[in-house]
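1. A structural model of the following input is requested.
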Amino acid sequence: MKQIRQLAGQTAIYGAGTILPKFLNWIILTPFYTRIFVDQADYGSITELYAYVVILNVIVTFGMETGFFRFSQQNNSFRSVYTTAFLVVLVLATILVSGVNLFIKPLSELIRYEENWQYLSWFSIIVAVDCLAAIPFAKLRREERAKRFTILKLANISVNLLLIIFFLKLWPALYESHPDAWFTKWYDPELKVGYVFLANLITSISVLVLISGELRFLGGPLKKSILRDLLKYSAPLVIVGIAGAINEVADKIFLKFLLPESDSAMKEVGQYGASYRIAVIMTLFVQMFRYAFEPFLFARKKKDGTEIYSQIMNLFVGMGLALFLFTVFYLDIFKVFLGPNYHEGLEVVPLILLANLFVGVFYNLSVWYKLSDLTRYGALLAIGGSFVTIAANFILIPRIGYMGSAWATILCYFSMMLGSYLWGRKVMPIPYKIWDFLMMLLVALVMFAVHKWIDPGTDLIKYSINTVMLLSFLVLVNWRTGLMKIFFVR
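-> A predicted model of the protein is given here:
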């Protein structure tokens with residue numbers, strides 16, 4: 001109980017540094033964007049280009065964060081591992097920026113951004129700078145300096161929000177009221193969504209400057225053995241990461257190329273991307289958990305048995321399903337965060353919520369291959385999932401549009417979760433309470449079906465029924481996981 005409580009505490013602290021900034025981003029920028037960009041195609045560009053960023057981030061960081069956690073545990077190697085990991089990322093970041101800017105014209109033509117080719121140059125720098133900052137942030141996590149981690153993450157989102165509001169609201173207003181003033185002559189009304197990307201570029205550079213104090217720790221002795229171990233361990237994780245990134249964002253890229261009506265494709269991407277933002281609440285919950293779970297996992301190793309991983313899994317599933325129900329039960333309230341032009345795609349939200357929950361279960365199940373140094377098996381699972389993603393998107397998008405992307409996402413993550421569970425039983429048997437998992441999932445789906453298909457007549461009755469069902473589900477979670485004991489019994 002004490003160890004799970006400690007993990008929960010770390011999850012909450014890292015949540016302040018990971019979920020809170022992104023929650024602020026979601027609660028402020030999503031309503032802002034979907035009202036500023038009335039044309040869904042503009043928001044579609046934001047959705048699509050940031051999808052490429054997710055994939056590039058995985059490639060440039062090259063699994064060095066996890067590799068750093070793995071090998072910095074060894075005596076007298078912390079500084080050397082830190083320095084080596086940072087230098088690997090620095091080399092890859094330099095290659096990215098140079099390569100993109102050298103081949104900017106064919107790349108912009110390839111993804112149909114010929115008129116806005118400068119976006120690609122900006123994004124190459126954003127990815128490079130963010131990845132360079134990732135290793136110092138990993139160092140803060142490794143040293144359990146959660147408060148500094150949180151402050152820097154909050155600074156990140158604060159700077160970005162201020163710049164976005166200035167570029168998209170204040171500066172255009174000043175331009176209209178004082179078109180000849182010196183402080184408005186650099187404003188370009190044609191740039192539109194480009195100001196979103198420019199704000200991100202400035203923010204990323206600012207955060208790297210703020211965390212640069214951690215770079216003073218660089219300079220440990222460089223050893224070929226450390227580099228070899230890092231690359232050997234992390235390379236399979238890169239494959240996992242790339243496959244995972246494809247599973248996460250490929251739908252937003254494929255939509256433009258696979259939708260039958262190309263003229264409206266970017267509008268569909270914008271509609272889907274905006275609704276996907278509602279479901280990001282589950283993504284944030286999973287990421288918050290993962291940030292705390294990874295250091296916890298490598299600090300324990302195998303020495304204390306496997307029962308605790310079963311308890312953690314049960315608690316994670318119960319809380320994740322409660323979050324799923326909370327979101328779908330009150331979706332009519334959540335949708336006010338979207339502009340009126342973006343409500344059409346909300347039907348994808350339940351599917352994406354469940355898909356993201358399956359991602360979290362997959363992270364829980366990664367215990368067996370991470371602690372056994374069998375990360376190549378995790379790579380194979382993720383690759384298998386990416387094949388499901390690509391095939392399902394190609395089959396379903398031309399037939400049912402962005403709903404096909406949502407179904408592809410849930411099929412992918414379910415197959416990865418199931419495959420990891422079955423494979424892990426052979427390598428490192430962990431006594432997961434699979435019947436508790438299935439029971440909680442079945443009850444949650446039945447409650448969702450009641451909410452979806454039974455019309456109580458009035459909003460008051462509907463929300464009353466939903467609230468009773470949610471509280472009942474929390475009672476079930478407490479019964480199967482001992483939730484109250486974990487947090488309130490000393």
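2. What is the burial count for Lys224?
-> 8 (other CB atoms under 10 Å). To be clear about C-beta, it is placed using only N, CA and C from the backbone, and glycine gets the same treatment.
3. Show me the shaky parts of the stretch 201-350 of the chain.
-> 220-221, 261-263, 291-292, 294-306 (pLDDT under 70).
4. at 50 instead, please
-> In the predicted model, the stretch 201-350 of the chain carries pLDDT under 50 at residues 303.
5. same deal with the stretch 351-490 of the chain?
-> Ranges of the stretch 351-490 of the chain meeting pLDDT under 50: 488-490.
6. so what does the helix or strand that contains Ile461 touch, helix or strand wise?
-> Using DSSP states H and E, Ile461 maps to helix 459-481. Counting contacts by 3 or more CB pairs under 8 Å, 6 or more residues apart in numbering; DSSP states H and E, helix 459-481 is packed against helix 307-329, helix 434-453, helix 483-488.
7. tell me the most buried of those helices?
-> Highest mean neighbour count among those (mean count of other CB atoms under 10 Å): helix 307-329, with a mean of 21.
8. Which elements pack onto that one?
-> With contacts defined as 3+ CB pairs under 8 Å, 6+ apart, the packing partners of helix 307-329 are helix 2-24, helix 265-300, helix 349-365, helix 434-453, helix 459-481, helix 483-488.
9. Ranking those by mean neighbour count, which comes first?
-> helix 349-365 (a mean of 24).
10. Figure out which of the helices and strands packed on helix 307-329 is closest to Glu114.
-> helix 265-300 (14.4 Å; CB to CB).
11. rewinding a little: what would the helices and strands packed on helix 459-481 look like in JSON lines with distance to Gln287?
-> What follows is the helices and strands packed on helix 459-481, written out as JSON lines (distance: least, CB to CB, whole Å):
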{"stretch": "helix 307-329", "distance to Gln287": "12"}
{"stretch": "helix 434-453", "distance to Gln287": "21"}
{"stretch": "helix 483-488", "distance to Gln287": "21"}
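12. residues making contact with stretch 180-191?
-> Applying CB atoms under 8 Å, 6 or more residues apart in numbering, the contact partners of stretch 180-191 are Trp171, Pro172, Leu174, Tyr175, His178, Gly194, Leu198.
13. Strands - which of those residues land there?
-> Taking DSSP state E, every one of the contacts of stretch 180-191 sits outside strands.
14. Name only those of the residues you listed that count as buried.
-> Buried members of the contacts of stretch 180-191, counted by 16 or more other CB atoms under 10 Å: Trp171, Pro172, Tyr175, Gly194, Leu198.
15. Just give me the least confident of the residues you listed.
-> The member of the buried ones among the contacts of stretch 180-191 with the lowest pLDDT is Tyr175, at 81.
16. Next one, pLDDT for the residue located most distally from the centre of the chain please.
-> Most distant from the centre of the chain: Asp180, at 42.8 Å, with distances by CA atoms, centre = their mean. On pLDDT, Asp180 comes in at 74.
17. Next, it: phi, psi?
-> phi -100, psi 0 (degrees, to the nearest 10).
18. circling back to that earlier point, just the contacts of stretch 180-191 now: which is nearest Gly270?
-> Distances from Gly270 to the contacts of stretch 180-191, taken by CB to CB, are shortest for Gly194, at 15.9 Å.
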